[in-house]
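Participant: Provided below for reference: sequence and predicted model.
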Amino acid sequence: MDNDSPALQRQAVPWSLSTWWEESPSSSNTLISRAPLPDTRCEQCEAAISKPRRLPPRVVLRVARASPDTCWQCRILLALAERRLGRLLRIDEVLEVVCAWKHRHKIMILYLGTGGGEEDRLVSISSLNGLPCPWNTFDARQHTTSVAHTLASHSYKVASSWLETCVTDHPGCPGMEETLLPRRVIHIGANHTDIRLVEHSSSTLGRYTCLSHCWGGAQPLTTTTHNIAQHLERIEWNSISKTFQDAIKFTAHLGISYIWIDSLCIIQDSPQDWVEESAKMCSIYENGHLTIAASAASNGSGGLPIRDSSGFVRLSGTTSSPGSKPFDIIGYFELGGIEARDHPSPTNHRTPLYSRGWVHQEMLLSPRVVHFAKKELLWECKTVGTCQCPQPPTFRSIFFKERNIFFKEGHYEALNSPRQSSARLAGDLLARQWHKIVESYSSLHLSFPEDKFPALSGLAQQMSKRRGHEVRYLAGLWSDSLLTDLLWIAPYRYLLDPQSIDGILRGKHEWRAPSWSWAARDVSVFFPRTGAEKNGSTCEVKALCNIVGAETTLATTDKTGRISGGRLVVRGRLFDASLYRDIEPSVTRGGTAETKATITLSVQVSMDLTGGVKTFISYALERGTCVILMTQSDAQGLNSSKPDELGILVKEGFNPDPMAELLSMKRTDSREYMGSDIKILRMARVGRRMPAPDDKKWLADMEYALVLQGISTGPMDPDGAEAARTYRRIGIIHHGREGYKGVENAREDFWERYPSCFEEGGREETITLV
């Protein structure tokens, strides 16, 4: 009878796990083979394991055709599947197997059914105990037995062991010493449900945890002017959310008596208290013994996911003779360790907590953090990063050093750089680290746009301590790196949903920062890369303007908080320009309406260089409910860019700051003039030199110029001369030259061969930007 006939469907398989496996007396998670495994593999399994690839196909394994009596791989996979499901397999069921290279190590993934997604993953399989896989199937760079111990332990026990190791063995991390308690904390009694708010009128030492969480749509219990007296006496356990309860319970488990939770420790209906306490975020999170991150919870009801010992199974035994070899493999369930995207990270907005703007500084300021993610625990401190999933050291090195959660290790390397031995190097490290912070922070969400500076205030205070008291903080920029800080770019080379567009449009009506600050807009930004590179090349900044002065006006007592005004005075070469928009008629592609806008910037330059006019173009494409924004060079792509015969590649682009606004304005069918008094201000070049002794050669050199729009004319001075004009920034031009093949095409004469269009022409002026 054919194995796929209806008569076989819905029947249980004609074998039992106990035929081949028995539970270890010491652990129900460990299965020991009753006899040596077969030394052959069936045709189905051969197809599944033929050759691991980075993007492999899924191979179907039909249970009806499995041969666990003669195939060692069927015996292992079926045992793992049944343990994962907690039941016997049916004869009509189908499994899928993927064998692939993931983060430099080989791994097998088993799925239930065909076409399943991440939620259908049954088990991921690796080898253990320093034993090379006898069949060359699972990773030879295996895990240690401590992985099985970690998986078998309760989440609280795992986190406690990480904390103990950090306190005991990490000289770069805080120990058990007490620190200054915040003004208000939650006190946890002998019974963890006995909690109350404590307010200190004088300096008090102790140890406390901090909770980082999402408020979500349903507002958690808060402390207000109306209930603070009651909270100082007692907070009812049933009145707080599950996330608060779990965090308090875990804090009590650690033997710590205090926890700081923002909604309960700041008086939420008192603007004065909110300003005063939010300005202390730097010290609150820096002094906390541990920060508890409710990473998986989108609101207070999510709690802290707790993993028990049912998340894995371990298989041990030997292969058949001749050449009998021991094996020790582990299959782990529903953990986020297969892909880096499954872990929390600054750009992983699939995790609720890490889309919040406020969380950025909470994570970086904290000396150590335990993340209660959906599928596992993760740990990071100033010394190491690790996670609960049984990934080998290669993965952890990649994720926690190159893509780590909030790049904590690199952050503190920059902060602790010895300024006295190399002031310029330390300054470069601090400037570049601030750029990294802003690049990550600018992509996150704030419920209230006016929180743009307060949500970064703690990190700004921390950075200020390292830069020195003589360095001023100016609307998210710094006086000692102001020139490169001004060169932020809103790339827009991604999809924006309607909510993002609404946020951008809303931002233009609510002033919170001068136009020259990245904080003026709700868009992701990036900066030119500065500082030394690992390969020995160095970045050099050449000023093409003179920054005369800069100042901001504080709106509160927080020196790194909200501002009410800001101005920048610059003297440089100014060029006249025009800005136009062309809207193409809407077309339908694949059933989706599509509208394209072309933004053209025409600059009046020297007749000797480009015939008198240099044109830069950007595009905004509205497709269905999404908007795609890109510059002309983005649209063309590097693949279509052609270097000259010497290998020099010319790259250029114009990034309007208000691109989404330009698209959303009322449309007409004719060319539209988008504004009067458009000017171009030449700013700087940022280039990358070869390492010595070839340091006269450039690998790349990019020139930047701001696009400005006049907004007012100052009064005439007594002699009748016009005062400095006032402008706002509306975009940035970047155009440069680079060696197409890197070192091979590095040159000294990029700009001599292809001069800047702003090399001649224009006029020197002193202007004010607001």
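Facilitator: Structure's in. What do you need?

Participant: all helices of the stretch 501-650 of the chain, in order?
Facilitator: For the stretch 501-650 of the chain, the helices identified by DSSP state H, counting those that start in this stretch occupy 607-610, 632-636, in order along the chain.

Participant: ranking these by mean pLDDT, which is last?
Facilitator: Set side by side, those show their lowest mean pLDDT on helix 607-610, which sits at a mean of 62.

Participant: How far off centre is the strand ranked longest in the chain?
Facilitator: Taking DSSP state E as the criterion, the chain has its longest strand at strand 563-583. Distance of strand 563-583 from the chain centroid (C-alpha atoms, centre = their mean, to the nearest Å) equals 31 Å.

Participant: so what's residue 582 closest to, chain neighbours aside?
Facilitator: Excluding the flanking residues, the one nearest residue 582 by C-beta to C-beta, 6 or more residues apart in numbering is residue 598, at 4.5 Å. C-beta here means a position set from N, CA and C on the backbone, and glycine is covered the same way.

Participant: mind checking how far the one you found is from residue 619?
Facilitator: In this view, residue 598 and residue 619 are 6 Å apart by C-beta to C-beta, to the nearest Å.

Participant: ditto for residue 576
Facilitator: 24 Å.

Participant: higher neighbour count, those two?
Facilitator: Set side by side, residue 576 and residue 619 show unequal neighbour counts under other C-beta atoms under 10 Å, the larger going to residue 619 at 18 against 15.

Participant: Could you verify my assumption that that one touches residue 594?
Facilitator: No - with contacts defined as C-beta atoms under 8 Å, residue 619 does not count as touching residue 594, sitting 11.9 Å away.

Participant: packing partners for the longest helix anywhere in the chain?
Facilitator: Counting residues, the longest helix in the chain under DSSP state H turns out to be helix 423-441. With contacts defined as 3 or more C-beta pairs under 8 Å, 6 or more residues apart in numbering; DSSP states H and E, the packing partners of helix 423-441 are helix 358-365, helix 408-415, helix 457-467, helix 482-485.

Participant: Least reliable of those helices by average pLDDT, please.
Facilitator: Among those, helix 408-415 has the lowest mean pLDDT, at a mean of 79.

Participant: Who are the packing partners of that one?
Facilitator: Here helix 408-415 is seen to pack against helix 358-365, helix 423-441, helix 457-467 when contacts are counted using 3+ C-beta pairs under 8 Å, 6+ apart.

Participant: To residue 305, which of those helices lies closest?
Facilitator: Comparison of these against residue 305 by C-beta to C-beta identifies helix 358-365 as nearest, at 17.5 Å.

Participant: Beyond that closest one, next helix or strand please.
Facilitator: strand 368-372 (DSSP states H and E).

Participant: Now do that following strand: everything it contacts.
Facilitator: Taking C-beta atoms under 8 Å, 6 or more residues apart in numbering as the criterion, the residues outside strand 368-372 that touch it are 155, 159, 162-163, 166, 173-174, 212, 246, 290-296, 304-305, 344, 363, 377-382, 405.

Participant: and the residues you listed, which of them are in helices?
Facilitator: Counting by DSSP H, the contacts of strand 368-372 contribute 155, 159, 162, 163, 166, 246, 363 to helices.

Participant: all strands for the stretch 201-350 of the chain, in order.
Facilitator: Secondary structure of the stretch 201-350 of the chain by DSSP state E, counting those that start in this stretch: the strands cover 205-206, 208-212, 258-260, 290-293, 312-318, 326-332.

Participant: May I have the strands that pair with the shortest one, each with its orientation?
Facilitator: Strand 205-206 sits in its sheet next to strand 179-180 (antiparallel), going by DSSP bridges.
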